[in-house]
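[1] coordinates only, sequence not included:
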């Protein structure tokens, strides 16, 4: 048995948290309790376009400061590179997400689809949330690993990739690169299994 979907979006957060406790209780510590369903639907809609939410995020996960390395060996001009230390910044979150049973999550999605669709229609969209959800999965699965450690520059507060073709990548690709190839592969593998169960 799984936690039944709420009949209304308003006041549904306690039911969402009960479902999270049943799916993986460790995740509850990072969930922002207010308007969970609406926030998740908005987040997935953005991911389908390769974007990540800047506001109204459903999860508050503490991420350590980004680490960059200076490489000035062999008397070459100093290069700034992304450190592999960054790969562990989201390790706990990735481990807890990928430890979820994909078959169980697929059952939750299928049974909760009506309330998810209701939240999606509140955004004024004319298509179906299921289309956006599957497109969001495809968006993540399409991201390919970097061939080598990319060079960075820091024109202002934030670091940017020197290579314009890498810098122009979407938000989804960039966050997968920052979590490292192993974590990215684990996330993609989990989503492939989830997609299999959704289509079964």
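    Received, thanks. This is a predicted model, so every value here is computed, not measured. Residues are numbered from 1 along each chain as shown.
[2] Just the strands from the protein, written as ranges.
    Ranges of strands in the chain, per DSSP state E, are 68-71, 79-82, 151-153, 160-161.
[3] Lowest mean pLDDT across those strands, which one is that?
    Note on the strands of the chain: strand 68-71 shows the lowest mean pLDDT, a mean of 84.
[4] so what secondary structure elements neighbour that one?
    Packing partners of strand 68-71 (3 or more C-beta pairs under 8 Å, 6 or more residues apart in numbering; DSSP states H and E): strand 79-82. Every C-beta, even on glycine, is put in place using the N, C-alpha and C of the backbone.
[5] By average pLDDT, which secondary structure element in the chain comes out worst?
    Lowest by mean pLDDT, DSSP states H and E among the helices and strands of the chain is strand 68-71, with a mean of 84.
[6] Pull up the pairing partners for that one, direction included.
    Applying DSSP bridges, strand 68-71 is found paired with strand 79-82 (antiparallel).
[7] who touches the partner strand?
    With contacts defined as C-beta atoms under 8 Å, 6 or more residues apart in numbering, strand 79-82 is touched by 67-72, 149-154, 159, 177-178.
[8] go on, stretch 130-146?
    Outside stretch 130-146, the residues within contact range by C-beta under 8 Å, 6+ apart are 44-45, 47-50, 109, 113, 116-117, 120, 125, 166, 170, 172-173, 176-177, 181, 184-185, 187-188, 191-192, 194-195, 198.
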